[in-house]
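Visitor: Whatever this is, show me its structure:
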Amino acid sequence: MSNVVGMNEFVGMANGNLHCWLCQKAVSTRALFCHHCGTIQPVRDIDHFARLGLERRIDIDMDLLDHQYAALSRTLDPQRFMIRGMGERGHAAKQLEALNVSYEVLREPLRRGRYWLELNEKMSNKAGDGHPFVKELRSELDIAANPAHCDRVAQRAGQALEQGIMGLMQALRGQKWQEANAALLELDGLEAILGDVRTRRLKLMPEKEGKAGVVGVD
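Guide: Here you go, the predicted model:
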C-alpha cells in the first residue's frame, strides 16, 4: 500500500478563488509571488509538505527537504525586502516564519508522525502517562534516590524512544492508525519522562555539584 497521499504542484495553476493582494490578478495557492506583478503574497493555509514543495508522504528525502528549505529561505531573506514597502516586508516575514515551522515539523520524525496523523484526521487525544511502560518508568523515577538512578531511567527511556519512533513510522506507512496512535501515546510519555529526569536529577545532586551544572542528561 502506498504511503503517498498526493503530489502537490510546486508552482501550481492559478486558482480563481485567490487573488494577488496588490494587483488583484488570480494566483495559485502555493505561489510565493504573484506571477503578474511579482509581489510577495500573504501566507496561505497550506500543509507543511506543500509549503516546502514536497510530495505529501510520511517518508521524506531529507537531502531534498534541506535543499528546498535552503532555497526558499534565501528567497525569503529579509535583506531582499529592505527597500520594499511595509506590506511586502510583513508578508515576507510571515512567509519565512511559516517556512521555519514547516521545516521543523517535517525534519523530526516524531513531530512529522504526529502531523501525519492530524493531516489524515486519525489523531487520538489521550494522555501519554497511561502507557504501561511509561507508568513503570514514572514510578522508578519517583523513587530514584540519586542522580545515577535518574540516568538509568533516562537511558531506558531514550532507548525506548528510538525504538518507538521506528514503530510509529512503520505503523504510519501501513496506515495502521490505531497502532500508530498507541505508539504516539507511549512516545509522548517517554518524552515527558526525559524532561522530568533533569528536574529530578537536579534535586538529588549535592549542592556544590548542582551549582556547577548538570552534565550528561539531554
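
Visitor: need the strands for this protein, in chain order.
Guide: All strands of the chain, identified by DSSP state E, fall at 4-6, 15-19, 26-27, 56-57.

Visitor: Of those, which shows the lowest average pLDDT?
Guide: Confidence, taken as mean pLDDT, is least for strand 4-6 of the strands of the chain (a mean of 37).

Visitor: quick one, domains of this structure?
Guide: 4-107, 128-212 (automatic domain parsing).

Visitor: Tell me how far the residue positioned nearest the centre of the chain lies from V197.
Guide: Nearest to the geometric centre of the chain sits V105, at 1.8 Å (CA atoms, centre = their mean). Per CB to CB, to the nearest Å, V105 is found 25 Å from V197. Heads up, the C-betas are built off the backbone N, CA and C, glycines and all.

Visitor: try Y69
Guide: Y69 is 32 Å from V197, by CB to CB.

Visitor: what about these two, which has more around it?
Guide: V197 (25 against 21; other CB atoms under 10 Å).

Visitor: May I have the residues that are in contact with that one?
Guide: 141, 150-151, 153-154, 157, 217 (CB atoms under 8 Å, 6 or more residues apart in numbering).

Visitor: Over to H36?
Guide: 20, 23, 25, 27.

Visitor: For the last one, list each beta-bridge partner.
Guide: Partner residues in beta bridges with V27: N15, with DSSP bridges as the criterion.

Visitor: That one: neighbouring residues, count only.
Guide: 25.
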